[in-house]
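K.L.:
the sequence and its predicted three-dimensional model are supplied below.
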Amino acid sequence: MLAWATAVYLPSLAITLLSLSPLASGGNLLLDTFRVADEVSPAAKLSYAFLFGAFIISARMVGAGHGVATNVVIGVISIALVVALLPQYWSRGFGIGLQGVRFDPLPTAIYLIGGFASGVVFSLLEAKCLSRGQLHAPDHSSED
């Protein structure tokens, strides 16, 4: 969930700071960032979450491991696919729905950075969960 929020709110913060959205009024940075993120269509948010999750599960099933590089690539590919494939009428506030251009260089770079950061955040959280699981796992080695 935090990785998804990173993919949504980090780009929204950058879009707000760069005044790429009309919702970035320049008043309150946190409120403007929330407005920009809230304007992003549910289809864009859900598409990213679905793709990211599906790719993570697929990577684990084929034995790609739990590495940061794998998760970062998954985050970047997931966001790139949403930018590339989400129809304009479902893209409110995102990609082509932000400025009318599907691969506008600056917003696209911002989204890709968000996907990258999302992969890093996921990796950190996954590592924390895995280490907790190992700490709380019963030690069966002494039973032999």
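P.N.:
Received, thanks.
K.L.:
in the helix or strand residue 131 falls within, which residues are buried?
P.N.:
Assigned by DSSP states H and E, residue 131 falls within helix 105-136. When burial is assessed from 16 or more other Cβ atoms under 10 Å, helix 105-136 yields the following buried residues: 107-108, 110-123, 126. The way it works is simple: take the backbone N, C-alpha and C, and place the C-beta from them, glycine included.
K.L.:
what are the contacting residues of the helix or strand bottoming out on mean pLDDT in the chain?
P.N.:
Every helix and strand in the chain was compared by mean pLDDT, DSSP states H and E; the lowest is helix 96-99, with a mean of 84. For helix 96-99, contacts defined as Cβ atoms under 8 Å, 6 or more residues apart in numbering pick out 15, 20-21, 41, 44, 83, 86, 88, 90-91, 102, 104, 107.
K.L.:
so which of those wins on neighbours?
P.N.:
residue 15 (28 neighbours; other Cβ atoms under 10 Å).
K.L.:
next SSE downstream of the helix or strand where that residue lies?
P.N.:
Following DSSP H and E, the helix or strand that holds residue 15 is helix 2-17. Once the chain leaves helix 2-17, the next helix or strand it forms, by DSSP H and E, is helix 29-39.
K.L.:
list the buried residues in that following helix.
P.N.:
By neighbour count with 16+ other Cβ under 10 Å, helix 29-39 contains the buried residues 32-37, 39.
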